[in-house]
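Visitor: Okay, structure incoming, though there's no sequence with it:
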Ligand code: AMP
């Protein structure tokens, strides 16, 4: 894999696609700067070589035209502080404004371009727009894993204008190495823990994983579709009636492939979808009507913790219950704790996909697992299909 480590940036202007799509509050303060901090090593490597850096990113979902609240100018001060040098800003990512700003860069300078998505050609992947971006730099660096599953102008199309000068940044390289470590895992048993709201979003991933894993742990809202498919009464729990057959197919495929599949045995039920609902623990196959399952129960926690403790490689996607509500977070927290304990004993653990990352962060376990992925959709698509447009455009 060609990374910034394999390229000498001395005297070059590097066009770097980063993911600065950070959350801002009403006063445009950055409420979580993880993505900015993640990009610093790549930027600093280029500067240390004696190169100049042209940063491009999207922010939010503007409607293809400039909108002040989505301007990347709001992050210039923060980025300057993090880098320890002042960052120049161009009010547009293409045209004379961008060209002039890029032309005047000296080695050691950093320029941030305005939001790429102020032009609809970005998400459309328009070649002429990508060519205009490409004209600003001598070498292309992609460090935006979070958008690598999109064939946008700045993430994919632009790469064709740098046939010999395109490399991955450290964020990309680390993400890919971490997923590849799990998917081509030699350290078995490999356990996938799948939770979250619905089976429908996860079917392809689960089917693809069945050839690789030893254990499949099911939790979260999707568990009730499996339980109902197997003849249980799930009361008012979340169920995808049109996915009952697929749930049964996953169970039988898992058995045929020698994968141990774990479905919850008990559950914490509630009489309404609220933290202050009445709740009790019951056998997951006997949920009374008028009640819904919102978390895995203590018996299930014990079984899952033991499987996780005996695993050498762990992939976790999706919470075990409605962990946003205090009374239904216990199962998710127990699984997170089991993963942390297994990691301490030497297992490799990858946490990926929006809500399991939110859960790991809620319990401050970010530094106690092996890797927390920054790209939800990109990670899942990479597991599903084994490739991403932004990765293929540079070539692994
Ligand atoms: P996903 O985006 O598919 O990973 O789903 C994450 C969401 O699933 C979280 O907001 C959880 O609150 C929700 N969730 C987890 N377990 C349940 C459940 N038993 N019933 C309803 N929603 C759930």
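Guide: All right, it came through fine. Note that this is a predicted model, so its numbers are computed, not measured.

Visitor: all contacts plus neighbour counts: C-alpha atoms, from now on.
Guide: OK.

Visitor: count of neighbours near residue 202?
Guide: 18 (other Cα atoms under 10 Å).

Visitor: got it, and the one 5 residues further on?
Guide: By other Cα under 10 Å, the residues close to residue 207 number 15.

Visitor: any idea which element it lies in?
Guide: Following DSSP states H and E, one finds residue 207 within helix 203-209.

Visitor: Once you drop chain neighbours, what's closest to residue 393?
Guide: residue 156 (5.5 Å; Cα to Cα, 6 or more residues apart in numbering).

Visitor: Quick check: the one you found touching residue 389?
Guide: Yes: using Cα atoms under 8 Å as the test, residue 156 is close enough to residue 389 to be in contact (6.2 Å).

Visitor: list residues touching both of those two?
Guide: 148, 150 (Cα atoms under 8 Å, 6 or more residues apart in numbering).

Visitor: Which of those two has more residues huddled nearby?
Guide: Between residue 156 and residue 389, counted using other Cα under 10 Å, the more crowded position is residue 156 (24 against 19).

Visitor: Give the full set of residues in contact with the more buried one.
Guide: By Cα under 8 Å, 6+ apart, the neighbours of residue 156 are 125, 148, 150, 389-391, 393.

Visitor: Could you do residue 282 as well?
Guide: Neighbouring residues of residue 282 by Cα under 8 Å, 6+ apart: 266-269, 297.

Visitor: Just among those residues, which is most surrounded?
Guide: Neighbour-wise, these (other Cα under 10 Å) top out at residue 269, 30 neighbours.

Visitor: Please see if the helix or strand harbouring it touches the ligand.
Guide: Assigned by DSSP H and E, residue 269 belongs to strand 266-270. No: on the criterion Cα under 6 Å from any ligand atom, strand 266-270 is out of touch with the ligand, staying 8.7 Å away.

Visitor: Next: stretch 328-340.
Guide: No: on the criterion Cα under 6 Å from any ligand atom, stretch 328-340 is out of touch with the ligand, staying 8.6 Å away.

Visitor: before we move on, back to that, quick check, pLDDT for the residue nearest to residue 393.
Guide: Predicted confidence (pLDDT) for residue 156: 98.

Visitor: farthest-separated two in the contacts of residue 156?
Guide: 125 and 391 (15.3 Å; Cα to Cα).

Visitor: Tell me which residue in the stretch 1-150 of the chain sits closest to the ligand.
Guide: Minimum separation of the stretch 1-150 of the chain from the ligand (Cα to the nearest ligand atom) falls at residue 146, amounting to 15.8 Å.

Visitor: On the three-state scheme, that residue is what?
Guide: Three-state call for residue 146 (DSSP: H, G, I helix; E, B strand; the rest coil): helix.

Visitor: any idea how far the closest residue to it other than its chain neighbours lies from the ligand?
Guide: Take residue 146 and drop its neighbours on the chain: the residue closest to it by Cα to Cα, 6+ apart is residue 375, 4.1 Å away. To the ligand, residue 375 is 13 Å away according to Cα to the nearest ligand atom, to the nearest Å.

Visitor: Verify the contact between residue 375 and residue 352 for me.
Guide: Yes: with contacts counted by Cα under 8 Å, residue 375 reaches residue 352, the gap being 7.4 Å.

Visitor: So between those two, which is more surrounded?
Guide: The neighbour comparison of residue 375 against residue 352 (other Cα under 10 Å) goes to residue 352, with 25 against 22.

Visitor: burial count for the spatially closest residue to that one that is not a sequence neighbour?
Guide: Leaving aside its sequence neighbours, residue 352 sits nearest to residue 373 (Cα to Cα, 6+ apart; 4.9 Å). Counted with other Cα under 10 Å, residues neighbouring residue 373 total 23.

Visitor: what's the average pLDDT for whichever helix or strand comes after the helix holding residue 207?
Guide: Counting by DSSP H and E, the next helix or strand C-terminal to helix 203-209 is strand 215-218. Across strand 215-218, pLDDT averages out at 98.

Visitor: what's the answer for stretch 337-347, then?
Guide: Here the average pLDDT along stretch 337-347 is 98.

Visitor: Now do the buried residues in it.
Guide: 337-343, 347 (16 or more other Cα atoms under 10 Å).

Visitor: In helices only, show me those residues.
Guide: Here DSSP state H is the test, and the buried residues of stretch 337-347 give 337-343 as lying in helices.

Visitor: Test my guess that residue 192 contacts residue 217.
Guide: Yes: using Cα under 8 Å, residue 192 is in contact with residue 217, at 6.2 Å.

Visitor: And these two? Which one has more around it.
Guide: residue 192 (27 against 21).

Visitor: quick one: strands adjacent to the host helix or strand of the more buried one?
Guide: Using DSSP H and E, residue 192 sits in strand 190-194. With DSSP bridges as the test, strand 190-194 is paired with strand 215-218 (parallel), strand 313-317 (parallel).

Visitor: hmm, back to that, hmm, the residue nearest to residue 352 is touching residue 175, no?
Guide: Yes: Residue 373 is within contact range of residue 175, at 6.5 Å (criterion: Cα under 8 Å).

Visitor: Now do the contacts for residue 254.
Guide: Residue 254 neighbours (Cα under 8 Å, 6+ apart): 210, 260-261.

Visitor: a helix runs through it, doesn't it?
Guide: Yes: the assignment for residue 254, made by three-state DSSP, places it in a helix.

Visitor: And it, how far from the ligand?
Guide: Residue 254 sits 21 Å away from the ligand, taking Cα to the nearest ligand atom as the criterion.
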